[in-house]
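Participant: This is the structure alone, sequence omitted:
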């Protein structure tokens, strides 16, 4: 798996998070690691087909997701991940992936993305064992982990 694969998603995530959460995330260390679905996390899964196929997973601790959704809603404090919160976090994943697919298209790589699936840890199964991962650190909010499993 090539590290360049994650760059469009990283670029798109920085842009979208800056716009809708209004924080400039910094980048953690890139790595390849085993897929671990940690407890109390929300996972946004986006499927890709075309010249690149596989899944992009955004992993967010539930408390971080609540802070992100609160920021997206103009500071309205969310205390539980209800339907509105899940819709907002799903749209965040959709916006990041849509921007990333546009970046890929501009690089000559044709991909189609699936609508985002928002899941809790207990509902997840993946066929891939390893993912290219990079955390985005949002000061005062927490981390969003981008996991790329593509071929």
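Facilitator: Looks like it arrived, so ask away. Just so you know, these numbers come straight off a predicted model, no measurement behind them. Numbering: from 1, shown residues only.
Participant: Residue 99 against residue 15, yeah?
Facilitator: Yes - A contact is recorded between residue 99 and residue 15 when judged using Cβ atoms under 8 Å, the distance being 6.1 Å. No exception for glycine: its C-beta is placed from N, CA and C like everyone else's.
Participant: can you count the residues close to residue 8?
Facilitator: If you count neighbours by other Cβ atoms under 10 Å, residue 8 ends up with 25.
Participant: what's the next secondary structure element after the helix ranked longest in the chain?
Facilitator: Selection of the longest helix in the chain by residue count, based on DSSP state H, yields helix 83-106. Of the helices and strands lying after helix 83-106 in sequence (DSSP states H and E), the nearest is strand 111-113.
Participant: tell me which residues in that next one are buried?
Facilitator: Of the residues in strand 111-113, those buried under the neighbour-count criterion (16 or more other Cβ atoms under 10 Å) are 111, 113.
Participant: what lines up beside that strand in the sheet?
Facilitator: Using DSSP bridges, the strands paired with strand 111-113 in its sheet are strand 41-50 (antiparallel).
Participant: Work out which residue lies at the spatial centre of the chain.
Facilitator: Among the residues of the chain, the one closest to the centroid is residue 58, at 2.8 Å (Cα atoms, centre = their mean).
Participant: Doesn't that one belong to a strand?
Facilitator: Yes - assessed with DSSP: H, G, I helix; E, B strand; the rest coil, residue 58 lies in a strand.
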